[in-house]
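Visitor: Provided below for reference: sequence and predicted model.
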Amino acid sequence: MNIVRFAAFALLAAAPLLGQVKETVNVTVVEVPVTVVGRDGNPIRGLTAANFEVLDEGKKRPIASFDAIDFASLGSTRALSPLNPAAHRNFMLVFDLSFSQPGLITRAQNSAREFVAKSVQPSDRIGVATLDVARGFRLLTAFTTDRSLIEEAIANPRSFHGNDPLQLAGRTPISSKPSGSEGVDKSVPEDRSGQKTLAATRQNIVEETERINIENTRTTAALLEDANDKFNRQKAEREIDLLMSLSQAMRGVTGRKQIVLLSEGFDPRLIQGRGASESAETARPRDYADSRDAVAHGEVWKVDNDNRFGNSASLKLVDRFAEACRRADVVLHAIDIRGIRVQSDVQIGAFESSNEGLHILADATGGTVFKNTNDLTSALDKMVHQQEVVYILGINAPSSEPGKFHPLKVKLINVAGGRLSARTGYYEAGLETDASRTLTTAEIIINDIPQNDLRVDSVAMPFPGSNGSEQVPVIVDINGADLLDKSGDDIIFADVFVYAFDDKGIVRDSLFQRLTLDANRVGEKLRAGGAKYYGTLSLPPGTYAVKTLVRIADLRVNGFTRTDVVVPAPSAVAMTQPLFFEDSSRWVLVRGASHDPDGAYPFTVGDETFVPSATARLRSGEHRRFAFFVTNASPDAASIEVSPRARLVAREPSANGAAFVFDLDPADLKSSTSLEVTMGKGRQQLKSALPISVQ
């Protein structure tokens, strides 16, 4: 997905005879994340824009912007918080449920836990998915910083049930002795010529029977092996196709995407043919001896070319998979969860145990296979370490054909021994298709991407909680006219997503609610106001960005808003922002979940409860009341100033503090654009400001 930093602009060309001609050129800024490592495998720091050259379809593009982010430096990441979306590191952990023995899934889970706990950083985004050729791929989570969610997904990706009847029939043993031949007397008596002739005839019959039995056995085994190969090849092709679909699904995610495939891998012979290392001892008999004999006797039609040289259709599928990954800016790394492999067995002797199937997938995308070790932590650490420094190169790319793919090539200049990794292309903006332009819900929330199909406002503020953390009520106002007009149905399904990100970009709490609204019953209220959602987060002291996305289910209709909240320490004196009283008769009220179930309803002043507004839009000439709350202070211990002027209506004690209610006369607003409240004097002052508008 392209990161658009500025929109279209106009170029005016002078034309003396025809007047001015206006030519519009659409320009997008394409951001190219680049990592550079040295010969020692360590990231190279301190590079500048002069060290890079970007070619767009072979044409050199000037570097319009340059940024460097060092994930190993807390100062670098904090100074750039929130991080440039193009610099995000995204890791999708994929559990292969088709080419993994059930007992090794536990090893895969342990490796995934170590990877998340030891290798990645808190700001890195992790996703979890499963791959099953019988059921497709399933995203258990989107890319997220919520480590508790990731831990839950890793702990139970899905119960493994082997549904492959030929899983244990990869190799059909062929007996060296045909059944029933042990009791045949092969000696030829020589005392009488008649008996000798009869014995010779019998011997010929026995030998011919043996030959026919062997041939029939080999033919039957070959048919079984052909059927088995066809079935397993279809499985391998299905897995590649699913990985290709997963890569395409991640195309809309900004930043480089790393698929970490936890698998034993499929039999590479099914895709690329018999390996050069296979011998008569390790290869299947008909793959080696029979093919050799057939060629020697000129019976080339008996040679299975797929087993010798690879299946052409499968190899083309690998090429399409590699191209899909390049276009989606995806790199696949594979973890051989079998660990250290052996090449012999007590029962069947020497055999080929290869992880080359993982190499087929990883090599096609420029990724790495971690193998021959039961401790994968150090290898994964190395993979992440190589991506500690990310350089963001921005180029201006004119758009001429919406949806067109542009191959990119980035070159290093004057960097001896450096090895570069960068995105290999981008799509021109302007083409709205499921494959190239749909923004995922997670991307909108994480990257604060504006969404204005639905007008949405929200407010969040901390109150003393009952479980050691502060309760943070969230009020979300959804414009009802937008819901009615955009949906067009009598029954409206709207999803509300609320996430609280701390100052490191980590999800600390979240809420989800599906609203079901019957337009025939609540249509008037929706037209008059809208739907008001109320839910409660539970957060420890800190600074948070509370992000809310409202989406009409099954439609590309979204509304997004963000509210920054500071949750104070329990003993601190703190003040909320002003909250205007709402006329609840104009709204459809929806009570959502509370993560502080024992916490009391906080919007209470004395014996009166009220419903707060998420906005400060005032009607001209209308009196409006507002309230604010103070913790760890008594009602009489505060000196309060309000601008513009407002009349104090109530001063009441509240949970761990005090509540104040004022009446705002619109005549006093004049040209004011904000409501400011100051409590206390001198250095003990608390201040709060709220933007207001008069309609």
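Guide: Perfect, I can see it now. Not measured: the values here are computed from a predicted model. Numbering: from 1, shown residues only.
Visitor: can we go C-alpha only for contacts and neighbour counts from here?
Guide: OK.
Visitor: Residue 652 touches residue 606, doesn't it?
Guide: Yes. Residue 652 is in contact with residue 606 according to CA atoms under 8 Å; the separation is 5.7 Å.
Visitor: Which one's more surrounded, those two?
Guide: residue 652 (17 against 14; other CA atoms under 10 Å).
Visitor: Which element, helix or strand, includes the more buried one?
Guide: Applying DSSP states H and E as the criterion places residue 652 in strand 646-654.
Visitor: do the same with residue 333
Guide: Using DSSP H and E, residue 333 sits in strand 330-336.
Visitor: And the contacts of that strand?
Guide: Under the contact criterion CA atoms under 8 Å, 6 or more residues apart in numbering, strand 330-336 has outside partners 247, 250, 256-265, 325, 355, 358-359, 361-362, 365-372, 376.
Visitor: quick one: residue 115 is in a strand?
Guide: No. Using DSSP: H, G, I helix; E, B strand; the rest coil, the assignment for residue 115 is helix, not a strand.
Visitor: and the contacts of strand 330-336, which of them are in helices?
Guide: Using DSSP state H, 247, 325, 358-359, 361-362, 365 are the members of the contacts of strand 330-336 that sit in helices.
Visitor: With neighbour count and pLDDT added, can I get these in TSV?
Guide: As requested, the ones in helices among the contacts of strand 330-336 are arranged in TSV below (neighbours: other CA atoms under 10 Å; pLDDT from 0 to 100):
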residue	neighbour count	pLDDT
247	25	86
325	27	85
358	26	87
359	22	88
361	25	87
362	22	87
365	22	84
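Visitor: For those, name the two members farthest from one another.
Guide: Distance extremes for these: the farthest pair is 247 and 359 at 17.3 Å, using CA to CA.
Visitor: ranges for the strands of the stretch 351-500 of the chain?
Guide: In the stretch 351-500 of the chain, the strands defined using DSSP state E, counting those that start in this stretch lie at 369-370, 389-398, 405-412, 419-422, 425-427, 456-460, 470-479, 491-502.
Visitor: Partner strands of the third one and their direction?
Guide: For strand 405-412, the pairing partners within the sheet under DSSP bridges are strand 52-56 (antiparallel), strand 425-427 (antiparallel).
Visitor: so residue 688 sits in a strand?
Guide: Yes. Counting by three-state DSSP, one finds residue 688 located in a strand.
Visitor: buried ones in stretch 107-119?
Guide: By neighbour count with 16 or more other CA atoms under 10 Å, stretch 107-119 contains the buried residues 107-109, 111-116, 119.
Visitor: and it, how far from the chain's centre?
Guide: With CA atoms, centre = their mean, to the nearest Å as the basis, stretch 107-119 stands 17 Å off its chain's centre.
Visitor: Using PDB, write out every CA atom in it.
Guide: Extracted C-alpha coordinates of stretch 107-119, given in PDB (Å, rounded to 0.1, in the frame of the first residue of the first chain):
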ATOM      1  CA  ARG A 107       7.800 -27.400  19.700                       C
ATOM      2  CA  ALA A 108       6.500 -24.800  17.200                       C
ATOM      3  CA  GLN A 109       4.400 -23.200  20.000                       C
ATOM      4  CA  ASN A 110       7.500 -23.000  22.300                       C
ATOM      5  CA  SER A 111       9.600 -21.500  19.500                       C
ATOM      6  CA  ALA A 112       6.900 -18.900  18.900                       C
ATOM      7  CA  ARG A 113       6.700 -18.000  22.500                       C
ATOM      8  CA  GLU A 114      10.500 -17.500  22.700                       C
ATOM      9  CA  PHE A 115      10.400 -15.400  19.600                       C
ATOM     10  CA  VAL A 116       7.700 -13.100  21.000                       C
ATOM     11  CA  ALA A 117       9.200 -12.900  24.400                       C
ATOM     12  CA  LYS A 118      12.900 -12.600  23.600                       C
ATOM     13  CA  SER A 119      13.400 -11.500  19.900                       C
END
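Visitor: Tell me the pLDDT of the spatially most central residue of the chain.
Guide: The residue at the geometric middle of the chain, judged as the C-alpha nearest the mean C-alpha position with CA atoms, centre = their mean, is residue 143 (3.3 Å). Looking at residue 143, its pLDDT stands at 81.
Visitor: which regions of the stretch 351-500 of the chain sit below the pLDDT cut-off?
Guide: Using pLDDT under 70 as the threshold, the predicted model of the stretch 351-500 of the chain has low-confidence ranges 351-354, 372-377, 379, 402-403, 428-440, 467-468.
Visitor: Could you do the stretch 101-250 of the chain as well?
Guide: Within the stretch 101-250 of the chain, the stretches with pLDDT under 70 are 158-226.
Visitor: what about the strands in it?
Guide: Counting by DSSP E, counting those that start in this stretch, the stretch 101-250 of the chain has strands at residues 125-132, 136-144.
Visitor: how far off strand 125-132 does the last one point, in degrees?
Guide: Spelled out, that is strand 136-144. Angle, strand 136-144 to strand 125-132, by axes from the mean of the first three to the mean of the last three CA atoms, to 10 degrees: 170 degrees.
Visitor: Please verify my assumption that residue 113 contacts residue 148.
Guide: No. Residue 113 lies out of contact with residue 148 (CA under 8 Å); the separation is 11.2 Å.
Visitor: Residue 549 against residue 500, yeah?
Guide: No. Taking CA under 8 Å as the contact criterion, residue 549 and residue 500 are not neighbours in contact, 11.9 Å apart.
Visitor: Distance of residue 46 relative to residue 557?
Guide: As defined by CA to CA, to the nearest Å, residue 46 lies at a distance of 43 Å from residue 557.
Visitor: Mean confidence (pLDDT) on stretch 640-655, please.
Guide: Here stretch 640-655 scores 87 as its mean pLDDT.
Visitor: So what would you say the end-to-end distance of it is?
Guide: End to end - CA to CA - stretch 640-655 spans 19 Å.
Visitor: Also stretch 92-109?
Guide: End-to-end distance for stretch 92-109: 14 Å, by CA to CA.
Visitor: do the same with stretch 675-695
Guide: Separation of the first and last residues of stretch 675-695 by CA to CA is 15 Å.
Visitor: picking up where we left off before, list the residues that contact the residue nearest to the centre of the chain.
Guide: Each residue near residue 143 by CA under 8 Å, 6+ apart is listed here: 90-92, 125-128, 442.
Visitor: do residue 448 as well
Guide: If a contact means CA under 8 Å, 6+ apart, then residue 448 has 560, 562 as its contacts.
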